[in-house]
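>>> give the three-dimensional model of this entry:
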Amino acid sequence: MDWLLITKIAATVLAFLAALGVMLGLPTTLLAWLGLLLVALVSKFQAVSGWALLATFFGCLIIEFADNLLASFMVQRFGASKGSVWMALLGGLVGGMLGGLGGGLLGGFTAFFISPLLALVGAFVGGYAAVYRWERKRNRPKKEATRAAWGTVIGRLLGIALKVGWIGALLIFVLGR
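All right, here's what the predicted structure looks like:
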């Protein structure tokens with residue numbers, strides 16, 4: 001049995017799960033890295049060196065940190081106050097959880113597909129709504145509050161693109177070995 005091939009398939013599944021987790025706003029780039037680690041272990045570090053593992057591990061940490069900085073930067077770039085940065089994070093987490101729970105209430109096979117989608121929508125809506133509400137409580141005009149809230153959405157989209165791109169690079173690295 002070709003264990004390396006089976007491990008590469010497992011690494012591919014982990015990468016897809018990581019990408020799904022990223023869509024939900026979770027720090028799952030390390031999940032994709034775990035696939036790389038498995039390939040290294042099964043190949044006895046012939047397919048992936050220890051140095052490559054170390055470099056990609058730190059790459060995952062940097063990407064996770066950069067994602068949060070990017071989201072914060074975009075919220076502020078669109079004119080939001082400092083408190084909106086925290087509200088965007090909190091609103092995205094709460095919205096994602098509520099959306100996921102709402103899809104889970106459907107039960108069965110349908111929930112398997114609908115729950116992640118509703119969690120993603122909930123994360124965007126929650127972040128947008130939290131920033132908008134925070135800015136309006138600060139007596140900012142509707143137009144400025146709306147602009148700040150859109151910064152949250154754009155920041156989250158850019159962060160998702162950054163993380164999915166990194167996960168794709170890890171997957172290409174794994175499959176090319």
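>>> make it CA atoms for all contacts and neighbour counts henceforth
OK.
>>> pLDDT weak spots in this protein?
Where the chain drops to pLDDT under 70, the residues are 24-25, 103-104, 107-112.
>>> list the residues that contact residue 168.
Shown here is residue 168, whose contacts under the criterion CA atoms under 8 Å, 6 or more residues apart in numbering are residue 15.
>>> I'd like to know how far it sits from residue 93.
24 Å (CA to CA, to the nearest Å).
>>> report the distance from the helix or strand where residue 124 lies to the chain centre.
Following DSSP states H and E, one finds residue 124 within helix 108-137. Centroid displacement of helix 108-137 relative to its chain, using CA atoms, centre = their mean, to the nearest Å, is 14 Å.
>>> what is the orientation angle of the very next helix or strand once past it with helix 108-137?
Using DSSP H and E, the helix or strand that follows helix 108-137 in sequence is helix 142-175. Inter-element angle recorded for helix 142-175 and helix 108-137: 140 degrees (by axes from the mean of the first three to the mean of the last three CA atoms, to 10 degrees).
>>> how about helix 142-175: buried residues?
144-164, 166-168, 170-171, 174-175 (16 or more other CA atoms under 10 Å).
>>> chain center to it, what's the gap?
On CA atoms, centre = their mean, the centre of helix 142-175 falls 8 Å from that of its chain.
>>> picking up where we left off before, pull out the buried residues from the helix holding residue 124.
111, 114-136.
>>> what sits against the residue nearest the centre of the chain?
Centroid check for the chain by CA atoms, centre = their mean gives residue 22 as the closest residue, at 2.3 Å. Neighbouring residues of residue 22 by CA under 8 Å, 6+ apart: 28-29, 160, 163-164.
>>> cool, residue 152 as well?
Neighbouring residues of residue 152 by CA under 8 Å, 6+ apart: 71-72, 74-75, 88, 127-128, 131.
>>> mind checking what secondary structure residue 46 has?
coil (DSSP: H, G, I helix; E, B strand; the rest coil).
>>> pretty sure it sits against residue 40.
Yes: with contact defined as CA atoms under 8 Å, residue 46 reaches residue 40; the gap is 6.8 Å.
>>> which of these two has more neighbours?
Higher neighbour count among residue 46 and residue 40: residue 40, with 22 against 12, using other CA atoms under 10 Å.
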